[in-house]
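Enquirer: Model the structure of this input:
(4 chains)
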There are 4 protein chains.
Amino acid sequence: MENQRHVRVGCDFEYDAGIDTAAVFQVEPYGGGPASVVRYEWESTPEIPRRAYVDLYGNSCQRLVLPAGSSTLRYDALVTVPDATEEVDLDVRETPAADLPDDALLYTLPSRYCLPDVLADEAWELFSGVEPGYRRVKAICDHVHGSLKFAYGSSTPLTTAADVHAAGYGVCRDFTHLAITFCRALSIPARYVFGYLPEIDVEPAAEPMDFAAWFEAYLDGTWWTFDPRNNEARKGRVLIGRGRDALDVAMVTTFGGPVLKRMEVRAEEVS
Amino acid sequence: MENQRHVRVGCDFEYDAGIDTAAVFQVEPYGGGPASVVRYEWESTPEIPRRAYVDLYGNSCQRLVLPAGSSTLRYDALVTVPDATEEVDLDVRETPAADLPDDALLYTLPSRYCLPDVLADEAWELFSGVEPGYRRVKAICDHVHGSLKFAYGSSTPLTTAADVHAAGYGVCRDFTHLAITFCRALSIPARYVFGYLPEIDVEPAAEPMDFAAWFEAYLDGTWWTFDPRNNEARKGRVLIGRGRDALDVAMVTTFGGPVLKRMEVRAEEVS
Amino acid sequence: MENQRHVRVGCDFEYDAGIDTAAVFQVEPYGGGPASVVRYEWESTPEIPRRAYVDLYGNSCQRLVLPAGSSTLRYDALVTVPDATEEVDLDVRETPAADLPDDALLYTLPSRYCLPDVLADEAWELFSGVEPGYRRVKAICDHVHGSLKFAYGSSTPLTTAADVHAAGYGVCRDFTHLAITFCRALSIPARYVFGYLPEIDVEPAAEPMDFAAWFEAYLDGTWWTFDPRNNEARKGRVLIGRGRDALDVAMVTTFGGPVLKRMEVRAEEVS
Amino acid sequence: MENQRHVRVGCDFEYDAGIDTAAVFQVEPYGGGPASVVRYEWESTPEIPRRAYVDLYGNSCQRLVLPAGSSTLRYDALVTVPDATEEVDLDVRETPAADLPDDALLYTLPSRYCLPDVLADEAWELFSGVEPGYRRVKAICDHVHGSLKFAYGSSTPLTTAADVHAAGYGVCRDFTHLAITFCRALSIPARYVFGYLPEIDVEPAAEPMDFAAWFEAYLDGTWWTFDPRNNEARKGRVLIGRGRDALDVAMVTTFGGPVLKRMEVRAEEVS
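Expert: As a prediction, the model looks like this:
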């Protein structure tokens, strides 16, 4: 049996709400991923009933009502992940559009933040000369990684891939949106992934831990993982959800305007 | 048994493609709608094999490859529709966000063309004072119908609801995107609908027949039909597909750049 | 906010397998139910990787491989449940077959253990005279509860509702299969439910705790809970899965013949 | 582009009903199959409104109400099918249970008519010695084809695979149920298929045309077609539906007891 590593993941939220406010949280590891939940715990003050559901994309969501006043929520889990670096295969070929599986077609279309229709010319100019397949998606990631500058607070909930492309700044979701956009402009299905990214067998980053965003591209029968922000193969990604872009896998969606006073994310190996 | 009317619907396409080009067509009436297909026929020159599939939203799609050179496709159907004007009920109430069904939540979020995040202030300014429920959605439709000017060719595949709002011009899909945007900004689930709209018991329009766009809003347990372009209750809508916006229910999606040389749409009552 | 009760649920399994044996477990509370998981934990000796998936019916399943030799698995969870007895409404009416929702139709058909085709005559003889609706389903439960004798070990994995009806003995799954069979014979959709049933505000049963089986019948727009084994409204059912009969929601399915040496189920209120 | 053959398929029903009777019909070709519908037509006397829906397995169903008195329904379609005999590959290997895709697991379980739990010993005795993979499924088909005698009217809606195995007689659905049963007993996923089977490039059968039943077994990543009734590779199968057994893909399900006075099935090549 393959070796496993143990990772503790979780997050804390502190809200202040004027009135009772309906909300949806996506913070639990995706069931079907390689990560396996050994133990988890929800805590809230005051005690807040939750109800789970599975959305259109198969992601696990939690519905609840944030009560008027102050409230805190905490999700904490211990998961096992395979002790293996994710696969890379430069020789994998592109699937012609006519042969794509039906359910991959959705991921070739524009979405709220990923605008292959707007950036089609840039995509063709930059990448039409690169060999189709894994190498081309890698070239896209190299380009995004090299040309965008990481800057906290440089983007807002309205920032599209086209905005990021123009500005040259972004956070991991923006890197991901831009790379997805280029893939889709070339008819390569690309879907947004959101999760916990522990630092296993890598140099620790300088920044505080946060949720991470990366993407999967469909090539020759398989969805391959790409991460234009870090641009290196990793161990131990703990996937939370997949969708067309960050909108489909928002960590929290609120139906009203509660104030998020504090948020903390955890993803660290434990022995 | 309720009375039925008979409607002939269909469309013709003529393409010129440089190379074989994968494509998806959405032109068949939606199975679950009130319209019932009595007879249909596909014709193509040259003969083009098709394969059907059902997308994430439950819509019927046809995959095919447009061959290099000239080709024509023709879809023709005879359907029955109920001889009844669609229901209107001004007193229907809004469903609080906390009580919305899980699968309606998706339709409160922004999408490629519907931008409640961008137009939130306008939505609140204009409609927060209106009584919640059917009356409020009707107020939105009245406003969009009254403030936008219908103009062929005034929008492009990149035009969002925010663009339309700024420009004051649009076609039926733009009217629909803007009304959907206002609904979602108020946490009312609204989904885009695309179909054939015959002229039954109404004054014939001056414009040539085209595919039509309208929307459905979720109020008190039911999805209600609204049509900000025509802004009147109609008989005989023949729904083709539903989705978040026009992207999800594109009549034709091509993976490459064939030239559409001619398109014709039919939707007329037959006796 | 409504009051909540806290319940600890879980189960232990001890297996002895000749060879590595693929298996599927269904023991986690169903996400969409009224019960909400506060905390859970999986333990296994040796450590056994698991992978979750959601089946055709929306149930959460865990896939794993029982290793050759001895192994133990333990699932333990703390859940909250509403402090409310499940609803009963004698006046609810039956939905005519023509008006049933599409996805309820499946639950009017025969299945492996529920044989309305075989017991149609009995069903009509016994219940066609009873007022259609909730009262009729209650009459079915009263009859099954009154006429079957509960007896551990009286049924096998091959025992159908028809066998149980003939024998007059059964365990809770057999009571449930027989009542479902009678419902379906009368075109009332009925689906099998499997879960943890804590003893909250009721007399403790003499028998050791076990997984419990009950069913839901579709009447006038809602699935109503019925329990022909206990035949009383309860608090705190913790649903694990739903399906056509016990086959669809088997606690454990193994692809091979490991020996189950010990099993224990927990479902008890904690303060 | 590969060559296509043209096939006319369809069916006629004549009913006599005491009262209005809800019914579900499954007679339209499955959208996702290799057959492509060029033209179709529904006719009924009196005119009967229909509404389509897609069931849990992805099959297209038609709901309608048979009116009190006499009624006739006729479905007629022209389809194209590939001019190619279905693939056979004796060397395809079995997929170990641990590696089966999640959605194939359902097709290893017993169902109403397919009873691997009852016939497990026979299955192991007969086929455990045969090389796993395509050859083993073929051995099952050869055995069923050779040991069962085809006899119209030899089975009823209550007849299971175990009954057929004991009796030695059956129609095509019984041949199929028995072969599926043996496959499942060996943990090979097997699903029931129902459709039109034209006689293309084969000797015409003596019997009148009827709906046909065959099955698909999952081996090494693909669902392979097997037909224990005819036991030969064919051209032009026009699939209507797939499911666990004949129950899931019943041509007609009625909620009440109308009399079927006449039924006719068509499946013939046209030039």
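
Enquirer: hey, let's count contacts and neighbours off CA atoms from now on
Expert: OK.

Enquirer: Show the model's pLDDT score for A:D76.
Expert: With respect to pLDDT, A:D76 has a value of 97.

Enquirer: and it, how far is that from D:D99?
Expert: A:D76 sits at a distance of 31 Å from D:D99 (criterion: C-alpha to C-alpha, to the nearest Å).

Enquirer: list the buried ones in the lowest-mean-pLDDT helix or strand in chain A?
Expert: Every helix and strand of chain A was ranked by mean pLDDT, DSSP states H and E. The lowest is strand A:51-54, at a mean of 89. The neighbour-count check on strand A:51-54 (16 or more other C-alpha atoms under 10 Å in any protein chain shown) flags A:R51, A:A52, A:Y53, A:V54 as buried.

Enquirer: need the residues of the stretch 51-200 of chain A near chain C, please.
Expert: A:R51, A:A52, A:Y53, A:T80 (C-alpha under 8 Å from any C-alpha of the partner chain).

Enquirer: With distance to chain B added, can I get those residues in a markdown table?
Expert: Compiled in a markdown table, those are given as follows (distance: C-alpha to the nearest C-alpha, whole Å):
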| residue | distance to chain B |
| --- | --- |
| A:R51 | 10 |
| A:A52 | 10 |
| A:Y53 | 7 |
| A:T80 | 30 |
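
Enquirer: Just want the phi and psi numbers for the residue nearest to A:L148 when sequence neighbours are not counted.
Expert: Using C-alpha to C-alpha, 6 or more residues apart in numbering or on different chains and skipping the chain neighbours, the partner closest in space to A:L148 is A:G168 (4.8 Å). Main-chain dihedrals, A:G168, degrees, to the nearest 10: phi 80, psi 10.

Enquirer: since we're on A:G168, how many residues are nearby?
Expert: Burial measure for A:G168: 17 neighbouring residues, criterion other C-alpha atoms under 10 Å in any protein chain shown.

Enquirer: got the contact list for it?
Expert: The contact partners of A:G168, by C-alpha atoms under 8 Å, 6 or more residues apart in numbering or on different chains, come to A:S147, A:L148, A:K149.

Enquirer: Please read off the pLDDT at it from the model.
Expert: At A:G168, the pLDDT value in this model is 96.

Enquirer: That one and chain B, how far apart?
Expert: Distance of A:G168 to chain B, given as C-alpha to the nearest C-alpha, to the nearest Å: 22 Å.

Enquirer: re the thing from before, look at A:D76 and D:D99 and report which has more neighbours.
Expert: For A:D76 against D:D99, the residue with the higher neighbour count under other C-alpha under 10 Å is A:D76, and the figures read 21 against 10.

Enquirer: from memory the more buried one sits against A:E41, does it?
Expert: Yes. Using C-alpha atoms under 8 Å, A:D76 and A:E41 qualify as a contacting pair, with a distance of 5.2 Å.

Enquirer: Pipe the residues of the stretch 51-200 of chain A next to chain C into TSV and attach distance to D:D142 per row.
Expert: Putting those into TSV (distance: C-alpha to C-alpha, whole Å) gives the following:
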residue	distance to D:D142
A:R51	52
A:A52	49
A:Y53	46
A:T80	47
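
Enquirer: And the closest residue to A:L239 other than its chain neighbours, how far from A:V265?
Expert: Computed as C-alpha to C-alpha, 6+ apart, the closest residue to A:L239 that is not its neighbour in sequence is A:G195, at 4.4 Å. Going from A:G195 to A:V265 by C-alpha to C-alpha gives 11 Å.

Enquirer: do the same with A:S71
Expert: 17 Å.

Enquirer: before we move on, what about A:T159?
Expert: 23 Å.

Enquirer: between those two, which one's more packed in?
Expert: When neighbours are counted by other C-alpha under 10 Å, A:V265 comes out ahead of the other of A:T159 and A:V265, with 20 against 16.

Enquirer: That one against A:F13, yeah?
Expert: No. Look at A:V265 against A:F13 with C-alpha under 8 Å: they stay out of range, at 9.0 Å.

Enquirer: tell me which of the residues of the stretch 51-200 of chain A next to chain C is nearest to C:N59?
Expert: If you rank those by distance to C:N59 using C-alpha to C-alpha, A:Y53 comes first, at 11.0 Å.

Enquirer: contacting residues for the residue nearest to the spatial centre of chain A?
Expert: In chain A, the residue lying closest to the centroid (C-alpha atoms, centre = their mean) is A:F194, at 2.1 Å. Applying C-alpha under 8 Å, 6+ apart, we find A:F194 in contact with A:F211, A:A212, A:A213, A:W214, A:L239, A:I240, A:G241, A:R242, A:A246, A:V249.

Enquirer: Among these, find the lowest-pLDDT one for me.
Expert: A:F211 (90).

Enquirer: ok, now how distant is that residue from A:E28?
Expert: If you go by C-alpha to C-alpha, the gap between A:F211 and A:E28 works out to 12 Å.

Enquirer: Looking at these two now, which is surrounded by more residues?
Expert: Shown here are A:F211 and A:E28; by other C-alpha under 10 Å, A:E28 has more neighbours (25 against 20).

Enquirer: show me what contacts that one?
Expert: Taking C-alpha under 8 Å, 6+ apart as the criterion, A:E28 is in contact with A:S60, A:C61, A:Y75, A:I240.

Enquirer: how about the nearest residue to A:G10, chain neighbours excluded?
Expert: In space, and not counting its chain neighbours, A:G10 is closest to A:D76: 4.2 Å by C-alpha to C-alpha, 6+ apart.

Enquirer: In terms of helices and strands, where is the one you found?
Expert: The secondary structure element spanning A:D76 is strand A:69-82 (assigned by DSSP states H and E).

Enquirer: What is that strand packed up against?
Expert: Using 3 or more C-alpha pairs under 8 Å, 6 or more residues apart in numbering or on different chains; DSSP states H and E as the contact test, the elements touching strand A:69-82 are strand A:4-17, strand A:36-45.

Enquirer: what lines up beside that strand in the sheet?
Expert: Here strand A:69-82 is paired, per DSSP bridges, with strand A:4-17 (antiparallel), strand A:36-45 (antiparallel).

Enquirer: What is the subsequent helix or strand relative to it?
Expert: Next along from strand A:69-82, by DSSP H and E: helix A:120-127.

Enquirer: Give me the buried positions along the following helix or strand past that following helix.
Expert: Scanning forward in sequence from helix A:120-127, with DSSP H and E defining helices and strands, the next element found is helix A:134-147. By neighbour count, with 16+ other C-alpha under 10 Å as the criterion, the buried positions of helix A:134-147 are A:Y134, A:R135, A:R136, A:V137, A:K138, A:A139, A:I140, A:C141, A:D142, A:V144, A:H145.

Enquirer: Quick check: A:H143 vs A:G170, distance?
Expert: 14 Å.

Enquirer: hang on, the earlier thing: Throw the contacts of A:G168 into JSON lines and include distance to B:P34 and pLDDT, thanks.
Expert: Listed next are those as JSON lines, based on distance: C-alpha to C-alpha, whole Å; pLDDT from 0 to 100:
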{"residue": "A:S147", "distance to B:P34": "52", "pLDDT": "97"}
{"residue": "A:L148", "distance to B:P34": "51", "pLDDT": "97"}
{"residue": "A:K149", "distance to B:P34": "53", "pLDDT": "96"}
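
Enquirer: Between the residues you listed, which sits nearest chain D?
Expert: A:L148 (39.3 Å; C-alpha to the nearest C-alpha).

Enquirer: Tell me the one of the contacts of A:E28 nearest chain D?
Expert: Nearest to chain D among these: A:S60, at 17.4 Å, using C-alpha to the nearest C-alpha.

Enquirer: how long is stretch A:110-122 end to end?
Expert: Note: stretch A:110-122 ends 15 Å apart using C-alpha to C-alpha.

Enquirer: Please work out which residues outside it touch it.
Expert: A:109, A:159-162, A:177-178, A:180-186, A:244-247, B:110-113, B:158, B:247.
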